[in-house]
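In: No sequence on hand, only this structure:
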């Protein structure tokens, strides 16, 4: 409950304080997979770290600057999705997302992103939804392309990952395009 | 979305930052009705006050000490319900609730409280749900009795309202009782 | 000095920063006795913890939400007493108290509570003084009964102690009753 | 109660939240007299300002950096005295003081300062008590001289008052001197 | 002093607390010119607002997230330049800049940006310097092009200005490119 | 750059976040020399401590209460100088300073202090510059005397150092005297 259905087996729920252990277990089980792309994996060492992340995420939610949803699949936390940066002044948001290995490969992440963009456009009234990925993060890139987001540019050496600097691809979709695309589908 | 259905026309949603204007309008339309029982009515003078209330409520949510849900009925905000005090250590919460005149009298508030108690017992794992009302607040008292909460005591002159001190009736239900009662229904 | 006499050998003093070591020693000497009823005993491991408690207590004092007095008996800290929750709006306070084994059994705690209630009623102008105890905490219950406080109700499983949930008895006395009672004595 | 007697008609009490109105009235009645020496008089415009001063003073008390006592004379607040700066590391404090016109001229302020220095030396264990006054503030200077404090130097143009820069005289007494002096008296 | 020369008549100085009045006067004299591109112009109504901006800018400087330099030309504050966002993790910064009408058109702003990028690359060791401008802000765009920054993409409707949404052009230069370019000049 | 030249081989620069390692190395190499006079040496155990010091110093800079400059000599950090206490209301500041053994004995520290006092008097418009030293700290005392500061008094046992209490000599110079003295030189 207090959730948005994504498909028959999947739903989004705001990450809350009592989800800390679930979140830590998921991160812990996916360390190798996440480490190349996510700086915070290294500093997530125990459940208390995930709990602190959720508390800070909820404080940002209270300030109106971010929203982090858990992706629940078949009753288990499978990933995280949501806008980590909301610019109220520019009516825009940048979303991020990741999913554990177990739930990957069935379109769950893409459908979850659609649910989030629907929410940001329809309920929050935002005008522009942006997302970024390192050029060699092909999985992430495919999600943005499936969402129909436009590639707007590639920012040279704009992220430092464990293996060194990488270029970042910037994608975006506008509210008007999103609604148009939805009609077509 | 991100809501819990209460009945065909009603759902609960966490009060978020973009609900400030809706909340102010509802309070403003029910001032006379709420003022005798709610100290905060006097200091809610403009939408910014309701926005500040929601921001503080979300900060409490981030800290794990309270949750405030809006009651949405036929697409409009009709009331507020939720635990204003959560004692993690004692696995207990005290809930509060109010509803505007327009939506009153159809069991909406009682059903909303049931949804909240279900959430606190089933999802949050709390053991004891408490509620209080001034002795002369008969509407509030009837809600607790309909919920099957037990009257545990009456606290003498424990609240100061615009018309003077009043006794408070304390009601509570335990998780085990709540589940038992649900089975019977 | 800066104290209120309780009897020839006893006085109350606001707990100040330089009392941290005294407080820790007292807690440390009474661990077994306090642990069943006081959640904070477990987390009081060194003098710095008692110092932190006093600093926070003084911050609450600055905010007007609590006052913690030390009970000094024959020149030694023997216990703590005072309102841990003051509701200015409702002109009420809930007091707590405990005393070490050494000073127990001579009415010191009861007389100290009387001094505190006198202060809250006469100087602070409060209308209602409340106190609570777990049902099996017979010593605490006897203090409230000696103070002439009324038993107003028993809150089912409202506190979680090391041995499990327990019911709490709520006692209170109103300013008018307190003054009346004082005249009779 | 919770006070230290100064003489038969005078006592010191820690300034608490419920003293705000008393303090404001005293400042307000002594504006002309205080303004030349006290920068904060200009910004004390309503009871809320005095209340804010007390709240901040109590926060400093919680941090261990200052203590502000009210001087109560014949049941009325007559002045303020206490260390506004405590340097725990150097075991020293700088005290300040002022008294309203009504209570002036009977040695009340000097006796109150003695009570404060006794407290700082005997109870707090400080080694050095310092005080300062602008050179033209003859009343303040006489208090320090009556206390037997030594004049240690004059700091050129070290304070800016409404009438311009003024030199400041620094006085101090050490704990050993204070105890010695007490024996002689 | 404590400045970096830009040319014979121009130097950069960290904006400090005593520059508040100078900054306000400059903003006030350039309102019409700045308003279309700078959201903060509307909320800069008095010197206190510029002072608050500087205090916050210095707090960001203390946290290592931004640096705001004043451009001093012929002894007067003429503009502001510096990184408003520093990402230590990614060794990158995004710079912003503006100059008043009086000092415009002599290459002062471009030379000031060069001095800032030199500082960020040589002293701070950053790897990537980014800048952005609304597509219709031709003056700003020319500055980036004169600096030899590469156009990496255009972000659709990514800024909301008084006249509506506008696309933003993203430019950047890497440390290696910057040093190479310097050698050639 | 962003520096003020002191002599051909020396310059002052505001201590910034990226100087933390340099500062720690300097303190670490001068522990024995500094420990008798500086309480903070004992608690500076790793580079993170120096970094925290700089962050706090910059926060004070943002609040307008202090400025800490590094003394750079032949390209290396050699010491620290600046006002650790600025009293805007009294238009006065108290400066502190220390230099490592390597750079000592060539007048560098005195010339750096002159540069700082010039800045405080000419740019900040302060009226009084004060400095203090323990009586047995002869090196520090000679610096103040070379600066032409007046000895205004000696504060008895006003500092507690590792070897015990010590008297402090207070020195000061007024803006008018400073300018006069500069003309004569």
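Out: Sure, I can see it. Computed from a prediction, not measured in an experiment: that's the story for all the values here.
In: check whether the least confident helix or strand in chain A by mean pLDDT contacts chain B.
Out: Within chain A, no helix or strand scores below strand A:3-7, which has a mean of 91 by mean pLDDT, DSSP states H and E. Yes: interface with chain B: strand A:3-7 contributes A:3, A:4 (C-beta under 8 Å from any C-beta of the partner chain). In this view, the C-beta of every residue, glycine as well, is placed from N, C-alpha and C.
In: Relative to residue A:53, how far out is whatever residue of chain A ends up closest to chain D?
Out: Of all residues in chain A, the one sitting closest to chain D is residue A:59 (23.5 Å; C-beta to the nearest C-beta). Using C-beta to C-beta, to the nearest Å, residue A:59 is found at 11 Å from residue A:53.
In: Settle it for me: which of the two has more neighbours?
Out: Each of residue A:59 and residue A:53 has its neighbours counted (other C-beta atoms under 10 Å in any protein chain shown); residue A:53 has more, 20 against 16.
In: hang on, that one is in a strand, isn't it?
Out: No: according to DSSP: H, G, I helix; E, B strand; the rest coil, residue A:53 belongs to no strand; its state is helix.
In: Need phi/psi at residue A:100.
Out: When read as degrees, to the nearest 10, the backbone of residue A:100 gives phi -70, psi 160.
In: Excluding residues flanking it in the chain, which one is nearest it?
Out: residue A:30 (4.8 Å; C-beta to C-beta, 6 or more residues apart in numbering or on different chains).
In: Pretty sure that neighbour sits against residue A:103.
Out: No: the criterion here is C-beta atoms under 8 Å, and residue A:30 misses it with residue A:103 at 10.3 Å.
In: in chain A, which spans are helices?
Out: Taking DSSP state H as the criterion, chain A contains helices spanning A:20-29, A:31-34, A:47-63, A:108-118, A:138-146, A:175-184.
In: So which elements touch the fourth one?
Out: Using 3 or more C-beta pairs under 8 Å, 6 or more residues apart in numbering or on different chains; DSSP states H and E as the contact criterion, the elements in contact with helix A:108-118 are strand A:3-7, strand A:10-14, strand A:69-73, strand A:76-87, strand A:92-99, helix A:138-146, helix A:175-184.
In: tell me the most buried of these?
Out: Each of the helices and strands packed on helix A:108-118 was scored by mean neighbour count; the highest is strand A:69-73, a mean of 24, by mean count of other C-beta atoms under 10 Å in any protein chain shown.
In: got a pLDDT number for the residue most central in space within chain A?
Out: For chain A, the residue nearest the mean C-alpha position is residue A:97 (2.2 Å; C-alpha atoms, centre = their mean). We note a pLDDT of 97 for residue A:97 in this prediction.
In: Over to residue A:31?
Out: What the model reports as pLDDT for residue A:31 is 97.
In: Skipping its backbone neighbours, what lies nearest the residue nearest to the centre of chain A in space?
Out: residue A:81 (4.1 Å).
In: list the contacts for that neighbour?
Out: Going by C-beta atoms under 8 Å, 6 or more residues apart in numbering or on different chains, residue A:81 touches A:12, A:68, A:69, A:71, A:95, A:96, A:97, A:98, A:109, A:112, A:113, A:116.
In: what's the closest non-adjacent residue to the closest residue to chain F within chain A?
Out: Going by C-beta to the nearest C-beta, chain F is nearest to residue A:43 of chain A, at 15.5 Å. In space, and not counting its chain neighbours, residue A:43 is closest to residue A:49: 6.6 Å by C-beta to C-beta, 6+ apart.
In: where's the one you found relative to residue A:78, distance?
Out: Distance from residue A:49 to residue A:78, by C-beta to C-beta: 19 Å.
In: Ok, residue A:57 next?
Out: 17 Å.
In: Also residue A:32?
Out: For residue A:32, the distance to residue A:78 - C-beta to C-beta - is 17 Å.
In: before we move on, what about residue A:89?
Out: Using C-beta to C-beta, one gets 34 Å for the distance from residue A:89 to residue A:78.
In: cool, and residue A:91?
Out: Applying C-beta to C-beta to residue A:91 and residue A:78 gives a distance of 30 Å.
In: same deal with residue A:168?
Out: According to C-beta to C-beta, residue A:168 and residue A:78 sit 25 Å apart.
In: Would you mind listing what in chain A touches chain F?
Out: Near chain F, when you scan chain A using C-beta under 8 Å from any C-beta, you find nothing.
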